[in-house]
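Participant: fold the following and give me the result.
(chains A and B)
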2 protein chains.
Amino acid sequence: MTTQITAARQGTITEEVRKVATEEGLSAEKLRDRVARGTVVIVCNNVKEFSKPLGIGEGLRTKINANIGTSLDVCDLNLELEKAKVAIKYGADTIMDLSTGGDLDFIRNLFLKEVQVPFGTVPVYQAYIEAVRKDKNPTSMSVDDLFRIIEKQMKDGVAFMTLHCGLTLDVINHIIEHPRLNGIVSRGGAFLAAWMISNDKENPLYSEYEYLLELAKKYDVVLSLGDALRPGSLADASDYAQLQELMTISKLVKRAWNKGVQVIVEGPGHLPLDQIEANVKMEKLLCKGAPFYLLGPIVTDIAAGYDHIAGAIGGAVAAMAGADYLCYVTPAEHLCLPSIEDVRQGVIASKIAAHVADIVKLGKKVIKHDLDMSRARSILDWEAQISLSLDPDKVKEMHHRIKSKSGACTMCGELCTYIILKKFQSKKIIRMP
Amino acid sequence: MTTQITAARQGTITEEVRKVATEEGLSAEKLRDRVARGTVVIVCNNVKEFSKPLGIGEGLRTKINANIGTSLDVCDLNLELEKAKVAIKYGADTIMDLSTGGDLDFIRNLFLKEVQVPFGTVPVYQAYIEAVRKDKNPTSMSVDDLFRIIEKQMKDGVAFMTLHCGLTLDVINHIIEHPRLNGIVSRGGAFLAAWMISNDKENPLYSEYEYLLELAKKYDVVLSLGDALRPGSLADASDYAQLQELMTISKLVKRAWNKGVQVIVEGPGHLPLDQIEANVKMEKLLCKGAPFYLLGPIVTDIAAGYDHIAGAIGGAVAAMAGADYLCYVTPAEHLCLPSIEDVRQGVIASKIAAHVADIVKLGKKVIKHDLDMSRARSILDWEAQISLSLDPDKVKEMHHRIKSKSGACTMCGELCTYIILKKFQSKKIIRMP
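Facilitator: Model (predicted):
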């Protein structure tokens, strides 16, 4: 058994590379070359088959991820399964299970059975929570337990994992000397930091990175190098701690590639709008083009209840600058576990962000959808407008709220420009479809 | 009686300039200079007093406008008044009445009585609709009627008006020779184009521009030079017709300034994300820094039902590049007359776009709000988080849906990073407020 990156380096075009190349509309050879260089990952492990392998990275469509999962306060498996289905229906390319409540092994395996898109986890959650349950003391988590859980999740068929390998004692000491407004907002990062400070030990994901790479290689799991120190507020954006972690991660990327392991790099977080491009470019330069997975970014701290919009603004600008993969943000961010409707809103907002960036990055490949919609609009073809939209049910409901007698909509009625200008069809002001 | 720009040129700091300077936190002299150069307009006419004068332009907070008004299909005055109130509650700086149904004079005067923020109209709507009602033939509208209506609206106290003065026969002939996918999507522009083609006459707002300037000067109404040829689809973005109209408008800006009339320039529309900055810069260069008022821009054609999000992405990027004033886009765009909830969604999305750009443009003046929110977040002060949000009712409802026993929210509960890290307070990972 070999990994996708190793096969690609040996010149082999795998079945998965072929499928992704077809899906993305580029040559398999070109894609193989990108997988070999590490600028594209093929998310597909060698345990569980998904509906289709997924490519993330250079020159491919921007992908979006939806986080779901139980919490300590709300642990309803059917609800979370429904969220996953809604997320996939509206265009999520991957699902990550962030469950922290209930039987975590059972929940993960249920999701793995029901969810047909590539599926990711954050294994340190389970390790930390099991230590809490066992000893009432999370910092008692043993390194063996952590790696046992990581391998168990890989064996179960998890395709990619967030692992905060770049969080070191050194950078935690920096934060202690120079406190941030919002400290460490990554949950996995906070778990590890708590463990490291209490035990006065280096992060095992960093010190035992070689062993982690062996596991990842064995199952061809994609490592998503988590940014434990992503800024949790604009005040902490692009600071020393964040950049230092990225520097460490850039070295880990190369070590993974040397070992034949596929990696992606995670990024912020809360960022002012004018810092996004620099952040993306810096990741691409330092990490030699490794795919960049952004959590948002959110461009203001005050949009609670509407953080999906702040995230769509940041995500669009980031993806245009070269980010490859966006983690959705729901309206519930900072407030509560998302509802099904929050998940729908979050996925659609991310989908818009990804699409508007892809219009710029991929041009003709994706803009046809826009052209079809605008053509349908110009001839007032409402059926086509509904079916071409991102959320046909909502569009249909809105357009049909009140019927306009005009054939146009209730905004303009007979005064619709397309009705007025149609009278001048011979003058061809509108290009007729 | 003089206009704000004339007074500013004479070195006079008017009462209105003084108020706006205080509001915006800059020196009155600096603001006077910008008003004199035309890079800032003071929206305040000399007929009706608003709750406060409003400045739009260079170095000021990005402003947002909400369109409301009846349509041929839905004509409910109370509903529209309620929309105006909701729009103002959530942060609209101005309201434009785009009514096309019912008694237009009555509606406008009712709004003028009830709405205390600067109020704008598109007078060609009334002129066109009255011609339809009188003669069943809109193109029978007389030039005298058009200017009579413009002056009537100015006398009523309208503070700014969209007038498509840059639409010329020449550029319409260009579109006829080189049809666009979506033709002319500006409703006022389509009315004028229909009139011009049918009558084979130049646009009276262009040919009688000097007379229009006299009227605007008399009442110190701000002319918003409308972009009749804004692209209605990505396919038509930044094309010859759009730029030709902007070139014409740039000349009209100078003529207005020479006459002592305040102007702002309107811009697109549907634009790919990577064309926004160029469009803003080009307007600023050609029009010598005249304030730029953008209708969106919307960065994809396929976001029907969610166009407020597409508009927030475009608006944020435009405002960061220098746009001064954003017209909101609601989820109902392209589909129907907006509901009250659509208006709320649209205003908040625009507000987020304006704020994230202002963080970049104005720095400390606006980022305090974000710092306060993040500080409240770090100590789990939910009351402060609710009151600092853009929509406290919604945030409160979401956060209280299910109560977490932890004092944090239902996403993380006891696993909240702020609870975990608090245990390390002596280590000061979080800067304590």
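Participant: residues contacting the residue in the stretch 1-150 of chain A that chain B sits nearest to?
Facilitator: Shortest the stretch 1-150 of chain A-to-chain B distance, computed as Cβ to the nearest Cβ: residue-wise this is A:Leu72, at 3.6 Å. C-beta coordinates here come from the backbone N, C-alpha and C atoms, glycine included. Shown in contact with A:Leu72 (Cβ atoms under 8 Å, 6 or more residues apart in numbering or on different chains): A:100-101, B:404, B:406, B:412-415.
Participant: how about those residues in JSON lines, adding secondary structure and neighbour count?
Facilitator: Formatted as JSON lines, the contacts of A:Leu72 follow (DSSP: H, G, I helix; E, B strand; the rest coil; neighbours: other Cβ atoms under 10 Å in any protein chain shown):
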{"residue": "A:Thr100", "secondary structure": "coil", "neighbour count": "24"}
{"residue": "A:Gly101", "secondary structure": "coil", "neighbour count": "21"}
{"residue": "B:Ser404", "secondary structure": "coil", "neighbour count": "20"}
{"residue": "B:Ser406", "secondary structure": "coil", "neighbour count": "17"}
{"residue": "B:Cys412", "secondary structure": "coil", "neighbour count": "22"}
{"residue": "B:Gly413", "secondary structure": "helix", "neighbour count": "20"}
{"residue": "B:Glu414", "secondary structure": "helix", "neighbour count": "16"}
{"residue": "B:Leu415", "secondary structure": "helix", "neighbour count": "22"}
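Participant: which of those lies closest to B:Arg180?
Facilitator: Closest to B:Arg180 out of the contacts of A:Leu72 is B:Cys412 (51.0 Å), distances taken as Cβ to Cβ.
Participant: I figured that closest one hits A:Thr100, correct?
Facilitator: Yes - checked against Cβ atoms under 8 Å, the pair B:Cys412 and A:Thr100 is within contact range at 7.3 Å.
Participant: identify the contacts common to the two.
Facilitator: A:71-72.
Participant: between the contacts of A:Leu72, which is nearest A:Lys361?
Facilitator: A:Lys361 has its nearest neighbour among those in B:Cys412, at 34.3 Å by Cβ to Cβ.
Participant: for the residue of the stretch 1-150 of chain A closest to chain B, phi and psi?
Facilitator: Here is the backbone geometry of A:Leu72 (degrees, to the nearest 10): phi -60, psi -30.
Participant: residues making contact with stretch A:23-31?
Facilitator: By Cβ under 8 Å, 6+ apart, the list of residues contacting stretch A:23-31 reads A:13, A:17-18, A:20-22, A:40, A:52, A:55, A:59-61, A:365.
Participant: rerun that using 6 Å as the cut-off
Facilitator: Stretch A:23-31 has contacts (Cβ atoms under 6 Å, 6 or more residues apart in numbering or on different chains) with A:13, A:17-18, A:21, A:60, A:365.
Participant: just stretch A:414-428 next, same as before
Facilitator: A:378, A:380, A:406, A:408, A:429-430, B:72, B:100, B:176, B:179, B:183-185, B:187, B:190, B:194, B:197.
Participant: ok, stretch A:362-377 next?
Facilitator: So stretch A:362-377 is in contact with A:25, A:358-359, A:384-385, A:388, A:433, B:181-182, B:233-235, B:300-302, going by Cβ under 6 Å, 6+ apart.
Participant: same check, this time on stretch A:36-43
Facilitator: Residues contacting stretch A:36-43 (Cβ under 6 Å, 6+ apart): A:4, A:8-9, A:16, A:34-35, A:53-58, A:118, A:159-160, A:222, A:257, A:262, A:264, A:289-291.
Participant: got the residues of the stretch 51-200 of chain A near chain B?
Facilitator: When proximity is defined by Cβ under 6 Å from any Cβ of the partner chain, the stretch 51-200 of chain A lies next to chain B at A:71-74, A:100, A:175-176, A:179, A:181-185, A:187, A:190, A:194, A:197.
Participant: now find how far off-centre whichever strand or helix holds A:Arg108 is within its chain.
Facilitator: Applying DSSP states H and E as the criterion places A:Arg108 in helix A:104-114. Relative to the chain's own centre, helix A:104-114 is displaced by 20 Å; criterion: Cα atoms, centre = their mean, to the nearest Å.
Participant: can you list the domains in chain A?
Facilitator: According to automatic domain parsing, chain A comprises the domains A:52-363, A:368-425.
Participant: just the ones of the residues of the stretch 51-200 of chain A next to chain B in helices?
Facilitator: Secondary structure defined by DSSP state H assigns A:175-176, A:187, A:190, A:194, A:197 of those to helices.
Participant: in those, find the pair that's most separated.
Facilitator: Farthest-apart pair in those is A:Ile176 and A:Arg187; separation 19.4 Å (Cβ to Cβ).
Participant: which residue is nearest the middle of chain A?
Facilitator: A:Cys327 (3.0 Å; Cα atoms, centre = their mean).
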